[in-house]
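**Q** Any chance you could fold what I've pasted below:
(chains A and B)
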Protein chains: 2
Amino acid sequence: MYELLHQKIREKVSLTDEEFKICKEAFVSKRLRKHQYLLQQDDVARNLAFVNEGALRMFASGEKNGELTIQFAFSGWWITDNFSFLTGEPTVYNIQALENSSILLISKQAWEGLFDRVPSLERYFRILLQNNYIATQRRLVSSLCQSAEEKYLSLIKAQPDIIQRIPQHMIASYLGITPETLSRIRKQVTLTK
Amino acid sequence: MYELLHQKIREKVSLTDEEFKICKEAFVSKRLRKHQYLLQQDDVARNLAFVNEGALRMFASGEKNGELTIQFAFSGWWITDNFSFLTGEPTVYNIQALENSSILLISKQAWEGLFDRVPSLERYFRILLQNNYIATQRRLVSSLCQSAEEKYLSLIKAQPDIIQRIPQHMIASYLGITPETLSRIRKQVTLTK
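**A** Here you go, the predicted structure:
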């Protein structure tokens, strides 16, 4: 149950067996059925989740253009609403399982407590957050200056698994375009192949 | 010269005097005249910069809608192209002084070396990167689902100093709208006050 977590951490930092034992004791495992919510708007994000198997999606509902997809998370990825997790304020987002999923949860208190006992985990999360920051900044630049077609082609290149596994209307809401625009672009891309 | 750096770090983590002495020895100071570049497109971002005084701007040029402002940095803020800084790849951005500025620079090697000698600095940057990630995610959500007017009003509320100190065409390129649209919104906002 903890193999993937161990592998992902060791890709970025080194950990002794004793340190990983401390680490894994801070998590609890949970299964989510397809469509089940991990977090709902107005709740507080008490946990950070590591996806062992399956796929989750964080989204805002009730936007004037319908749902807005903030983030997907597949096997080996982390997901939470960082703002709510850090501040204890209610979230404005929802996190839902897109497939039957198996996750590991860690509370904020356990997460912060780990850093004193296993300092290389603080390094792991510093690196992870830096990568997330870079990726989000790129997505921002793309949303500000790319056409709908350029955004779609960038996504195919960067994350082909999203195109395969995720329903079209959710991909549209991730790119900030309408499902009709996405459908038109997909036809054009297919024709020009 | 290091007072503001000391203050900003102590707002998030505690440091002994000896630790801060190690920290400040890793920096070199630099002055930038107004309009001077700290980083230009195709260079590698060798340094992370802490702004002591003045104001800097990171932007992409040559976008089809003109310049795109990625980030501003005022007194007490950090700025670099994180992707280039971390990977050693050439940057696609420029960083320029908007006013005569005084900054502190730290190289990647010195920055990473500090974390082994002063672990609480790794915590400081983990917290800082987490906050930057949250702020960038918010700006992304705003760019995907807010109207031009809503974006401008959010910016006034969140960062009134930007409105005061930054030329209008740069604010427009930060919001991803045209200068003409920004001018029209400003007139409407003034009229309805």
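
**Q** Specify the local secondary structure of the spatially most central residue of chain A.
**A** Nearest residue to the geometric centre of chain A (CA atoms, centre = their mean): A:Ala73, 3.5 Å. When classified by DSSP: H, G, I helix; E, B strand; the rest coil, A:Ala73 comes out as strand.

**Q** Contacts only, for it.
**A** A:Ala49, A:Val51, A:Ala55, A:Leu56, A:Arg57, A:Met58, A:Ile79 (CB atoms under 8 Å, 6 or more residues apart in numbering or on different chains). Where C-beta positions appear, they are placed from N, C-alpha and C, glycine not excepted.

**Q** what about A:Trp111, which helix or strand?
**A** Secondary structure from DSSP states H and E places A:Trp111 in helix A:108-117.

**Q** Counting by contacts, list what the longest helix seen in chain A packs against.
**A** Longest helix in chain A, counting residues (DSSP state H): helix A:119-145. On a contact count with 3 or more CB pairs under 8 Å, 6 or more residues apart in numbering or on different chains; DSSP states H and E, helix A:119-145 meets helix A:17-24, helix A:108-117, helix A:148-158, strand B:55-63, strand B:66-74, helix B:82-87, helix B:119-145.

**Q** Show me what the lowest-mean-pLDDT helix or strand in chain A is in contact with.
**A** None of the helices or strands of chain A scores lower by mean pLDDT, DSSP states H and E than helix A:160-165, at a mean of 85. Residues from elsewhere that reach helix A:160-165 (CB under 8 Å, 6+ apart): A:Ala55, A:Phe72, A:Phe74, A:Leu98, A:Glu99, A:Leu155, A:Ile156, A:Ile171, A:Tyr174.

**Q** Scan these and report the most crowded one.
**A** Using other CB atoms under 10 Å in any protein chain shown as the neighbour test, the contacts of helix A:160-165 are led by A:Tyr174, with 24 neighbours.

**Q** per-residue pLDDT, the residue nearest to the centre of chain A?
**A** Note on A:Ala73: pLDDT of 95.

**Q** Remind me which helix or strand the closest residue to A:Tyr37 other than its chain neighbours belongs to.
**A** Residue nearest to A:Tyr37 in three dimensions, not counting chain neighbours: A:Gln96, with 5.2 Å by CB to CB, 6 or more residues apart in numbering or on different chains. Using DSSP H and E, A:Gln96 falls within strand A:94-97.

**Q** what residues does that strand touch?
**A** Strand A:94-97 is contacted from outside by A:32-41, A:49, A:54-61, A:79-81, using CB under 8 Å, 6+ apart.

**Q** swap the cut-off to 7 Å and go again
**A** Residues outside strand A:94-97 that contact it (CB atoms under 7 Å, 6 or more residues apart in numbering or on different chains) are A:32-41, A:54, A:56-59, A:61, A:79.

**Q** Chain B contacts on chain A?
**A** A:60, A:63-65, A:68, A:70, A:82-83, A:86, A:115, A:119, A:122-123, A:125-126, A:129-130, A:132-134, A:136-137, A:139-141, A:143-145, A:176 (CB under 7 Å from any CB of the partner chain).

**Q** Can you show me the CA trace of stretch A:59-68 as CSV?
**A** C-alpha atoms of stretch A:59-68 as CSV (Å, rounded to 0.1, in the frame of the first residue of the first chain):
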residue,chain,number,x,y,z
PHE,A,59,-13.2,21.8,-9.3
ALA,A,60,-15.2,25.0,-8.6
SER,A,61,-18.9,24.7,-9.2
GLY,A,62,-21.4,27.6,-9.7
GLU,A,63,-19.1,29.7,-11.9
LYS,A,64,-21.0,31.6,-14.5
ASN,A,65,-19.5,29.5,-17.3
GLY,A,66,-20.4,26.3,-15.4
GLU,A,67,-17.8,24.1,-13.6
LEU,A,68,-14.1,25.1,-13.6
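
**Q** buried stuff in that stretch?
**A** A:Phe59, A:Ala60, A:Glu67, A:Leu68 (16 or more other CB atoms under 10 Å in any protein chain shown).

**Q** sorry, back to before: output the strand holding A:Gln96 as CSV, restricted to C-alpha atoms.
**A** Extracted C-alpha coordinates of strand A:94-97, given in CSV (Å, rounded to 0.1, in the frame of the first residue of the first chain):
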residue,chain,number,x,y,z
ASN,A,94,-14.8,20.2,-4.5
ILE,A,95,-12.6,17.1,-4.9
GLN,A,96,-14.3,14.1,-6.4
ALA,A,97,-13.2,10.6,-7.5
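
**Q** Please state the mean pLDDT value computed over it.
**A** Rounded mean pLDDT across strand A:94-97 is 97.

**Q** Specify the residue ranges that define each domain of chain A.
**A** What automatic domain parsing lists as the domains of chain A is A:3-145, A:146-193.

**Q** Any idea how far apart the tips of the longest one sit?
**A** It stands for domain A:3-145. 40 Å (CA to CA, to the nearest Å).

**Q** where's A:Arg33 relative to A:Ala97, distance?
**A** Distance from A:Arg33 to A:Ala97, counting by CB to CB, to the nearest Å: 7 Å.
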